[in-house]
Structure formats: C-alpha cells, structure tokens
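Chemist: Build me a model from this:
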Amino acid sequence: MKGPEISVFIPVYNAGAYLKPTLESVLNQSFTDFELLVVDDSSTDGSWLILQDYAGREPRMRILQKEHGGNVPKSWNVALPLLRGKFVFYLSQDDLLSPDCFEQMIRRQRECDADCVLPDMLRFTRDPSDAVQEQALTAPDADYNRILDGRSAFLLSLDWSIHGFILCRRQFYTEEEFDESTFNSDEYVTRKIFLKSGQVAFSGGRFYYRRGNPNSITDPGHPFRYQVLRTNRRLLRLMQEQGFDRQELYKYRRQVFDTFCGLHRYFLNHKNSYVSTEQSGIQALFAEEYEALHKERKATKRAYRHSGVKQRIRAALMLSSYGVFVLFNKLFTILRKT
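Modeler: Numbering: from 1, shown residues only. As a prediction, the model looks like this:
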C-alpha cells in the first residue's frame, strides 16, 4: 500500500490550550496527502481526550500514548518506525502553520528534487498576527531560488541563520536514533540530516514558532534548557570527525564557549527560581561540561587569537580552572547589575 507524501509528527505532553490550534493548522492544510502521527507522553491535563476526539473524526490522524518518559527524543524513537510518508515534517505541540505551508514545501521539493526544504519561520507569542516579518528566518538573502549543499546548511544552522524545522526524506530520519539522555538531541539529529543532504532548498509558506510558553524546554528558564551544552559539544565532535577546516572549527568553538559563559551567567542571575534538586543538577552539568572545555582549552584559546585583547584575556582566565571561571562570572554578573 502506497504511503502518504508526508508524515507529520507531533510529540505531546500536557499541551493544554495550545493543542487544538496546532492540530487545526495541520489538518486544514491545502495540501492533503499527509498523515499526522501524535505521540502523547501520558498527559495529565486532558490532552489525550482532545487527541482521541480529533482522531475519531480524522482518518489521516493516528495517536499513540506511551508511558511517561519526560522528553521529546523518547517520543521520536517511538514514532520513527511508524512513519510511512515519503517525507517527514516535525512541529511542537504549540506551533502553527500557514494553510499553504505543505503545498509550498512540496512544490519546491518537486522543482529541484531537494532532500530538505525549509519554510519561512516566524516567532510569535500570543497570536501569529504579532509575528514580526523583519525577524523571520527565511532563505539566505531572501533568495528562494537558492539551493545549499548540506555542509553549507549545517554551518548556517549552527548560529540559527537558518532554522531546523525541515521537510526531509524519511530515510534521513529513520537512519538516526535520538539520544534520550539529552532533551534537545533533535537539534543534533537535524544538523546531521543537513550534512547528509545533497540539496537544501527554501520555500514560501510559514512555520510559526511560539515563544513565551513557560512549559517549553526552549524557554530560557527551563531547567532542561542547559542541556544544550551537551549538544553543542556533540556537534563540535561531529565537525572534527567530518573534517571541517580549522577556521570553521574555531568559529564554532567560540560560539560553544560564549554560550557556556552566557548560560552560566543566566543561571547565577536566576538561581533562586529553581528548586534545590534542579540547582544541583544544573551545577553538576556545568562542572561536567567545563571539564570537557578545559581538556581542549588550548584549541579554544587559539580560536580567540584574532579577537580583541579583552576577549583573549577573558578566555585565558576563564579556561584556567573551574573555580576561576565561576569567580570571574560572578564578578561579571555583579558588575553588570551595578
């Protein structure tokens, strides 16, 4: 039996008021040859009842409830063998799509036989109408005829010059397994998919990314958000394995170290908003990741050799020991407040 053109996957846990608009935005697409697979992580807020209601009325929709496991990668690993489409598209439980999003992506894929296609991504808080077009992530230089090779797409994705919500060939996903120990390992997998791609294209159609949901792990204050540090280290190791050149590695090393410092300062400023067990876990993660940075401190220092004097001194001091790093960051945080 021929499968649908697109498999759409949504992982759900306590989606609350966000779930119905998200489902509607998928089910009301102008392009109709798709299936919708939703994996519920044993929600406790009525999300499962909403899913049952929709699935009972919509033959393209399949739902599955798994034992509560607490993260999206586990839901991905459940979903992967169940996807039947030629292409796969993923969105979160609170994101939205313009009605022509799938139509635009499929049209562009067929025009150039792309392995991956990216729609425009706009960020919003309450309603898509508050999204700012000038802040949208679109095709580089707004050139929708542009096609990137996978390596170029990978590099642009590292600092989010392009986003990672992609329509891509199903086998690119099914060849992967999501690391269930890290909450944002989907970002790692997406970048691996870019590397495997021959052609990455861009389409019209809009993907609306919701901000301001306090339950989202992408919220700056979420305790699991700090796990991005592990993903950054894995990506750096992947670049080394794939033979990226020295300057590309230096640039990403600076990004990894700057992200580490910035997240640590954020933690110092918001430490009291976490319960004691969360504080301990986050502090242990920082210590673990600092140890990895310290082992490669010579390479990180070299990455800053063409930076300003202040940046070079800062990197040298903060990479000397974890104690010095913490003290330096505390002083920096205090000075910023005065």
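Chemist: Can you tell me the SS state at the closest residue to residue 64 other than its chain neighbours?
Modeler: Using CB to CB, 6 or more residues apart in numbering and skipping residues adjacent in sequence, the residue nearest residue 64 is residue 39, 5.1 Å away. (C-beta placed from N, C-alpha, C; glycine too.) Using DSSP: H, G, I helix; E, B strand; the rest coil, the structure places residue 39 in strand.
Chemist: Quick check: bridge partners of residue 39?
Modeler: Beta-bridge pairing of residue 39 under DSSP bridges involves residue 11, residue 64.
Chemist: ok, it - contacts?
Modeler: Residue 39 makes contact with 9-12, 63-66, 75, 78-79 under the criterion CB atoms under 8 Å, 6 or more residues apart in numbering.
Chemist: now, among those, which is nearest to residue 222?
Modeler: Nearest to residue 222, judged by CB to CB, of those is residue 11 at 15.6 Å.
Chemist: Could you check how far that closest one is from residue 59?
Modeler: Counting by CB to CB, to the nearest Å, the separation of residue 11 from residue 59 is 21 Å.
Chemist: out of those two, which sits in the busier spot?
Modeler: Counted by other CB atoms under 10 Å, residue 11 and residue 59 do not tie: residue 11 has more neighbours, with 24 against 8.
Chemist: ok, back up a step: right, and the pair among the contacts of residue 39 with maximum separation?
Modeler: Largest pairwise distance in these, by CB to CB, is 14.9 Å, between 9 and 65.
Chemist: Which one of those two is surrounded by more residues?
Modeler: Using other CB under 10 Å as the criterion, residue 9 and residue 65 rank with residue 9 on top: 22 against 16.
Chemist: Surely that one is in a strand?
Modeler: Yes - if the criterion is three-state DSSP, then residue 9 is within a strand.
Chemist: Would you check that it makes contact with residue 34?
Modeler: No - look at residue 9 against residue 34 with CB atoms under 8 Å: they stay out of range, at 10.8 Å.
Chemist: Poorly predicted segments of the stretch 1-150 of the chain, please.
Modeler: The model of the stretch 1-150 of the chain has pLDDT under 70 over residues 1, 131-134.
Chemist: All the strands of it, residue numbers only.
Modeler: Secondary structure of the stretch 1-150 of the chain (DSSP state E, counting those that start in this stretch): strands located at 6-12, 34-40, 61-65, 87-90, 96-97, 116-124.
Chemist: got a markdown table for those strands, with distance to residue 285 too?
Modeler: Below are the strands of the stretch 1-150 of the chain laid out as a markdown table (distance: least, CB to CB, whole Å):
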| stretch | distance to residue 285 |
| --- | --- |
| strand 6-12 | 23 |
| strand 34-40 | 27 |
| strand 61-65 | 30 |
| strand 87-90 | 26 |
| strand 96-97 | 32 |
| strand 116-124 | 27 |
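Chemist: Next, the contact list for residue 45, please.
Modeler: Here residue 45 is in contact with 14-16 (CB under 8 Å, 6+ apart).
Chemist: Apply 7 Å and report the result again.
Modeler: Contact analysis of residue 45 by CB atoms under 7 Å, 6 or more residues apart in numbering lists 14, 16.
Chemist: Could you tell me how far it is located from residue 24?
Modeler: Applying CB to CB, the value for residue 45 to residue 24 is 18 Å.
Chemist: do residue 297 as well
Modeler: Using CB to CB, we find residue 297 at a distance of 51 Å from residue 24.
Chemist: These two: which has the busier surroundings?
Modeler: More crowded of residue 297 and residue 24, by other CB under 10 Å: residue 297, with 16 against 12.
Chemist: mind checking pLDDT for that one?
Modeler: With respect to pLDDT, residue 297 scores 95.
Chemist: How about residue 238?
Modeler: 97.
Chemist: let's have the chain start at 13 instead
Modeler: All set: I'll call the first residue 13, so the last point we hit is now residue 250.
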